[in-house]
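Asks: Next come a sequence and a model predicted from it.
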Amino acid sequence: MMGGSSLINDNSIKKVSFFQRLAGWLIHAFTASGACVGLLALLAIYDHNFLLALWLMGAAIMIDAVDGMFARMIRIKDAVPEVDGALLDNIVDFFTYTLVPCFFLLVTNLLPEYWRILCVMVITFSSAYQFTQVDAKTMDHFFKGFPSYWNIAVFYLFFWQMTPMTNMIILLSCALLSFVPIKYVYPSRLDYLTDNRYLRLSMVVITILWGAATTGLLWLYPKSNHFLVAISVGYCLLYIGISLYRTWVPLTSLDLAPE
């Protein structure tokens, strides 16, 4: 029986072409490069080059946004079965989405001086919980609990320049939401968002517009643009609204019409 199982595995590996294997390794390297970008962001923060750090955090988000799509396109589990792509993605994401922005919060004046360390520790602990839930990414492709978008949060706090105490209240509220089982939209996995393919496509387009508008705001900083602000903030409100709706009114496989 063991020999037969080994033979099956060997045969399955032989069915994977050289180019599929190469593509798989390149995609894993692409995912891992997010950690390298995160290290550069830490260096920029250390040098108090906060705008560059935000650009680098944005680059890490871009890598994370597309690597999963590439991986699914080539069936990466078949192409490179010896690497756990989900584990690699989680390691990189915890670093770039949590630890890098936490260091940003420690070095800047966005938080009250005497509460800064405590607030960052709360964020780190809540993210550790969020990342390690067995259903952190639900079967219907949503994030359960606030999905540790701390890099996006620090951008808005940096851009809005509110009081440190207000910033702390916002961040601690998000940390608390990590423990609340609200389902948040997974922008690159919209299978169960709606049964209408055009609405799913619209969500993708709107997400891209949000990315473009937010990039534009970063480019213009310290100046601003009301139109870009409206798009960027409007998307966040839409994202929250859709997430709450799908938490209360989930779409099941029975609701999905054949396409």
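Replies: That came through fine.
Asks: Next, count neighbours for residue 224.
Replies: Residue 224 has 13 neighbours, counted by other CB atoms under 10 Å. (Glycine included, C-beta is placed from N, CA and C.)
Asks: need the contact list for the closest residue to it other than its chain neighbours.
Replies: Spatial nearest neighbour of residue 224, excluding adjacent residues (CB to CB, 6 or more residues apart in numbering): residue 217 at 6.7 Å. Residues counted as contacts of residue 217 (CB atoms under 8 Å, 6 or more residues apart in numbering) are 159, 224-225, 228-229, 232.
Asks: Then residue 133?
Replies: Contacts of residue 133 by CB under 8 Å, 6+ apart are 144-145.
Asks: distance of it from residue 65?
Replies: Note on residue 133: its distance to residue 65, by CB to CB, to the nearest Å, is 22 Å.
Asks: Then residue 197?
Replies: 20 Å.
Asks: So for those two, which sits in the more crowded spot?
Replies: residue 65 (14 against 11).
Asks: For the more buried one, give its distance to residue 116.
Replies: Residue 65 sits 30 Å away from residue 116, going by CB to CB.
Asks: Now do the SS call for the closest residue to residue 159 other than its chain neighbours.
Replies: Once flanking residues are discounted, residue 159 sits nearest to residue 217: 6.2 Å by CB to CB, 6+ apart. The three-state assignment at residue 217 reads helix, by DSSP: H, G, I helix; E, B strand; the rest coil.
Asks: okay, now residue 81: neighbour count?
Replies: Residues near residue 81, counting by other CB under 10 Å: 14.
Asks: now swap in residue 22 and tell me
Replies: Around residue 22 there are 13 residues (other CB under 10 Å).
Asks: Then residue 96?
Replies: 26.
Asks: Quick check: residue 195 is in a helix.
Replies: No. Assigned with three-state DSSP, residue 195 falls outside any helix and is coil.
Asks: any idea how far it is from residue 252?
Replies: 10 Å.
Asks: who has more neighbours, the two?
Replies: Counted by other CB under 10 Å, residue 195 and residue 252 do not tie: residue 195 has more neighbours, with 14 against 8.
Asks: related to what we said a few turns ago, let me know the closest of the contacts of residue 217 to residue 21.
Replies: Closest approach between those and residue 21, by CB to CB: residue 232, at 40.2 Å.
Asks: ok now the helix or strand where that closest one lies, how far from the chain's centre?
Replies: Residue 232 belongs to helix 226-248 when assigned by DSSP states H and E. Centroid displacement of helix 226-248 relative to its chain, using CA atoms, centre = their mean, to the nearest Å, is 16 Å.
Asks: likewise stretch 202-215?
Replies: Between the centre of stretch 202-215 and the centre of its chain there are 14 Å (CA atoms, centre = their mean).
Asks: residue boundaries of the strands in the stretch 1-150 of the chain?
Replies: Counting by DSSP state E, counting those that start in this stretch, the stretch 1-150 of the chain has these strands, from start to end: 142-144.
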